[in-house]
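Visitor: Quick one: sequence plus predicted model below, questions after.
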Amino acid sequence: MSDKYIFAIDQGTTSTRAIIFDHSGSIVSTGQLEHEQIFPRAGWVEHDPMEIWGNTRQVIGQALSKANLTRHDIEAVGITNQRETAVVWDRTTGLPVYNAIVWQDTRTQAIVDRLAADGGGDRFKPIVGLPLATYFSGTKIAWILENVDGAREKAEAGDLMFGTTDTWVLWNLTGGLEGGVHATDVTNASRTLFMNLETLEWDDEILGIFGVPRSMMPEIRSSSEVYGTVNEHSLLREVPIAGILGDQQAATFGQAAFDQGEAKNTYGTGNFLIFNTGTEIIHSKNGLLTTLGYKLGDAEPHYALEGSIAVTGSLIQWLRDNLGLISSASEIETLARTVDDNGGAYFVPAFSGLFAPYWRSDARGALVGLTRFVNKGHIARAALEAIAFQTREVIDAVNADSGVPLTELKVDGGATANNLLLQFQADILGVPVVRPVVAETTALGAAYAAGLAVGFWSGLGELRSNWQEDARWEPDMEEAERARLLRNWKKAVTKTLDWVDEDVL
């Protein structure tokens, strides 16, 4: 088995990556291409699905060539993806009818308000585990059907297909118009507003309320099974595609957080804390989402509580791209270290409203507490601290819902290379923060799901033995200082609320 490998495709918010893993879970080679972030209006965020598919094909070639491998060396392919981003395409042409509407996009607020007028924002939550919010795919599909010329008629005729980007990649990889598989897994399906958490099937009543024909929807499958094989036009032809997990669930799986009570926090474009609740569905009373953690073949599904934070890593990108405060993301730590504290400045990055635990789409970003003393070092530090403060609020909600306080936090994602951030995270939580050796846990989780399905790995025990600690940060802050900082943060959050009304975009 040592001369065979698992191939993971990580279709993320800012880039598409291909990563090849060996049996120990170590990275053999990678390929990566960024795709354009399209902002047609304030609050609108789109991607070009054709660019994403083209990039997927290219990064497959990159990863194989760097490792000097061919399809004969690959046992299976796993896919992970940005979850709520919605693609709608024509089943007769294979072409998208509109750009992909990204999970961060807030254009569907009017649809959310219309649906909430009859039963409130939580009207579907007992069934699907989610509040009505612009975040999820369902409102994005409805927007396309209501606003793209001819889309409604095509959908009613059965000519349109919907998928999150895992489904788009799977359909194209397995042949597209030539017999492509139209499917998704339970984790992605649980992010649409349409999947019944108990039956793991699409809810026809909710689809009807949204005006989305059932014929558009992909088949819901487990997270670890053979969905199909790669078609003859790909460098991976005839290799089975055997794992699909939404990115945050994939990262949890890659962190070997398989059991009830285990959790991880991913620091990416946004931050996403997932707490495994085992085979039990727990409905949050504290602003968290109830979601699918994973389902392996015919085994019982595992559920999770999730705290979704919209803007964390993208705040650092904003400081780089929009303000020019830094020229590369890695410079933020150096700049923040030029000062000893935040100088009284607090940065609440509610660029897409506030997600968990507030769910306030009327919020917008605010930088508060400014005096002439504050310099760019303080702003850099306030931006990093904002990531940690938002995580603390989500973990407080998890602790309240689960009744079992988290004793340490496993972390992953790009921003975990920032040691200053992780020390402050430990300080503001009051618990240790632990980073694994393999930080690419999202792609690793998809690889694990695919490898399990084809027998490349024997079971969860073998995967757990692959996990290794790289570094640990212990809290080193007085409780009084922690309480002061949190009090000021919560005060800063209140300054972002009630900003959006009819007169403000």
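Guide: Arrived safely. Residues are numbered from 1 along each chain as shown.
Visitor: and residue 482, helix, strand or coil?
Guide: Classification of residue 482 using DSSP: H, G, I helix; E, B strand; the rest coil returns helix.
Visitor: so where's the protein uncertain?
Guide: 1-2, 502-505 (pLDDT under 70).
Visitor: and if we set it to 80?
Guide: When residues are selected by pLDDT under 80, those of the chain lie in 1-2, 404, 439, 500-505.
Visitor: For the residue lying farthest from the centre of it, give its distance to residue 343.
Guide: For the chain, the residue at maximal distance from the C-alpha centroid (Cα atoms, centre = their mean) is residue 372, at 37.8 Å. Taking Cβ to Cβ, to the nearest Å as the measure, residue 372 falls 10 Å from residue 343. Yep, even glycine has a C-beta here, placed from its N, CA and C like the rest.
Visitor: Surely the residue farthest from the centre of the chain is in a strand?
Guide: No - Residue 372 sits outside any strand when classified using three-state DSSP, being coil.
Visitor: How much space separates it from residue 339?
Guide: Distance of residue 372 to residue 339, computed by Cβ to Cβ: 15 Å.
Visitor: wait, residue 148 sits on residue 97?
Guide: Yes - between residue 148 and residue 97 there is a contact under Cβ atoms under 8 Å: 5.5 Å.
Visitor: any residues in contact with both of these two?
Guide: residue 88 (Cβ atoms under 8 Å, 6 or more residues apart in numbering).
Visitor: More neighbours: which of these two?
Guide: Neighbour totals were compared for residue 148 and residue 97, and residue 97 leads with 20 against 16 (other Cβ atoms under 10 Å).
Visitor: To which secondary structure element type does the spatially closest residue to residue 58 that is not a sequence neighbour belong?
Guide: Closest residue in space to residue 58, ignoring its immediate chain neighbours: residue 33 at 5.9 Å, by Cβ to Cβ, 6 or more residues apart in numbering. Three-state assignment for residue 33 (three-state DSSP): strand.
Visitor: What of residue 303?
Guide: Of the three states, residue 303 takes strand according to three-state DSSP.
Visitor: What count of nearby residues applies to it?
Guide: Applying other Cβ under 10 Å, we find 24 residues neighbouring residue 303.
Visitor: Could you do residue 423 as well?
Guide: Number of residues near residue 423 (other Cβ under 10 Å) recorded here: 17.
Visitor: hang on, isn't it packed against residue 473?
Guide: Yes - contact status for residue 423 versus residue 473: in contact at 5.1 Å, counting by Cβ under 8 Å.
Visitor: Contact partners for residue 156?
Guide: Residue 156 touches residue 213, counting by Cβ under 8 Å, 6+ apart.
Visitor: Oh, that last question was meant for residue 381, not what I typed.
Guide: 336, 339, 341, 342, 343, 345.
Visitor: Give me the buried entries from these.
Guide: 336, 339, 342, 343, 345 (16 or more other Cβ atoms under 10 Å).
Visitor: Regarding the residue lying closest to the last one once chain neighbours are set aside, what is its secondary structure?
Guide: Of all residues beyond its chain neighbours, the one nearest residue 345 is residue 382 (4.4 Å), with distances taken as Cβ to Cβ, 6+ apart. Applying three-state DSSP to residue 382 yields a three-state assignment of helix.
Visitor: neighbours around residue 382, how many?
Guide: Using other Cβ under 10 Å, residue 382 is surrounded by 28 other residues.
Visitor: Would you map the strands across the stretch 251-400 of the chain?
Guide: All strands of the stretch 251-400 of the chain, identified by DSSP state E, counting those that start in this stretch, fall at 263-267, 271-278, 289-294, 302-309, 346-348, 366-368.
Visitor: helices or strands up against the second one?
Guide: The helices and strands touching strand 271-278, judged by 3 or more Cβ pairs under 8 Å, 6 or more residues apart in numbering; DSSP states H and E, are helix 247-254, strand 263-267, strand 289-294, strand 302-309, helix 376-402.
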